[in-house]
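K.L.:
My questions concern the predicted model and sequence given below.
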Amino acid sequence: MKTAGIIVAMNEELVYIRSMMEIIDSKNMLDTDFYTGKLGNTNVVLVRSGVGKVNAASCTQSLIDLHNVDYVINVGSAGAIDKNLNVGDVVIASDLVQHDFDASAFGDALGIIPRMEESYFKSDMRLLDIAKRFANENILPVNFYFGRIASGDKFVSDDLQKELIYENFNAYCTEMEGAAVAQVCYLNNIPVIVIRTITDKADKNAIGYYKKFMSQATKNTCGIIKYILNEY
């Protein structure tokens, strides 16, 4: 039986998903708690990475090295960049890029990582197909979007930066971990899918909206998680 790794950034997200699991074991490594058990009939390792790309990358590598997961699901919240998105909508990444990676002094475009074959890290096609089936079945009363997610070590809450991210990357939304998770999975040849629920519009009201809607965002993504685990 395959084992899924589930990565969240915040404790509030972890607690809700953990409540649905049958926990068999838990271990603390690198100041991070890894919960091993079952969610439905699937073997699962759930972990909270902490906020930001370095925390996300370190956590993902530990999950792969120490728990031998077969694929990774990264879920959480995001701020809308595309003007068509509203709070509560779900964005599932076709690919992910680091919007704050800047080697332009060497002639590279923003987001391009020198000496790497890839800088836009793709979600696994099989996992994407399952997520699209979920979206088409209208299980959740929300809008689904499939496209680019831009990650960076900043909580975006101003219109100028929001517009720059859209102009440079044509991203649907922005958050702080997904591209790092996807890059580590790419380097390890591990299938990954990154799912975000929109909690705010990455503007001056972002912090208030984020705090208000994060709990609902977690509940929405739990339904997608269970569907993917059952179908993969």
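P.N.:
Perfect, I can see it now.

K.L.:
Please count neighbours and contacts with C-alpha atoms only from this point.
P.N.:
Noted.

K.L.:
model confidence over the host helix or strand of Val97, on average?
P.N.:
Val97 is part of strand 90-98 when elements are defined by DSSP states H and E. Per-residue pLDDT values across strand 90-98 average out to 96.

K.L.:
And the helices in this structure?
P.N.:
When assigned using DSSP state H, the helices of the chain occupy the ranges 11-18, 53-67, 125-136, 159-169, 178-188, 206-231.

K.L.:
got the contact list for the first one?
P.N.:
Under the criterion Cα atoms under 8 Å, 6 or more residues apart in numbering, residues 8, 35, 46-48, 76, 215, 218-219, 222 lie in contact with helix 11-18.

K.L.:
Excluding sequence neighbours, find me the nearest residue to Ile113.
P.N.:
Beyond its immediate neighbours in the sequence, the residue positioned closest to Ile113 (Cα to Cα, 6 or more residues apart in numbering) is Ser119, lying 5.6 Å away.

K.L.:
And the pLDDT at the one you found?
P.N.:
As summarised for this prediction, Ser119 has a pLDDT of 93.

K.L.:
ok, it touching Ala109?
P.N.:
No: proximity of Ser119 to Ala109 does not meet the contact threshold set by Cα atoms under 8 Å, at 10.5 Å.

K.L.:
Enumerate every residue touching the residue nearest to Ile113.
P.N.:
Contacts for Ser119 were tallied using Cα under 8 Å, 6+ apart; they are 97, 111-113.

K.L.:
Among these, name the ones in strands.
P.N.:
Among these, DSSP state E puts Val97 in strands.

K.L.:
least confident pick among the contacts of Ser119?
P.N.:
Confidence-wise, Gly111 trails the rest of the contacts of Ser119, at 88.

K.L.:
thought it was touching Leu96?
P.N.:
No: between Gly111 and Leu96 no contact is recorded; they are 9.9 Å apart, counting by Cα under 8 Å.

K.L.:
So the two - more neighbours on which side?
P.N.:
Leu96 (28 against 21; other Cα atoms under 10 Å).

K.L.:
Top of the contacts of Ser119 by number of neighbours, please.
P.N.:
Val97 (28 neighbours).

K.L.:
That residue contacts Gly147, correct?
P.N.:
No: here Val97 does not reach Gly147: they are 11.3 Å apart, not a contact under Cα under 8 Å.

K.L.:
Can you pull the residues that touch both of the two?
P.N.:
Counting by Cα under 8 Å, 6+ apart, no residue touches both Val97 and Gly147.

K.L.:
out of the contacts of helix 11-18, what pair is the most spread apart?
P.N.:
Distances among the contacts of helix 11-18 were taken as Cα to Cα; the most separated pair is Tyr35 and Ser215, at 20.5 Å.

K.L.:
So for those two, which residue has more residues nearby?
P.N.:
Set Tyr35 next to Ser215 and count neighbours by other Cα under 10 Å: Tyr35 wins out with 23 against 15.

K.L.:
can you pull the contacts of the more buried one?
P.N.:
When contacts are counted by Cα under 8 Å, 6+ apart, Tyr35 is found next to 18, 23-27, 44-47.
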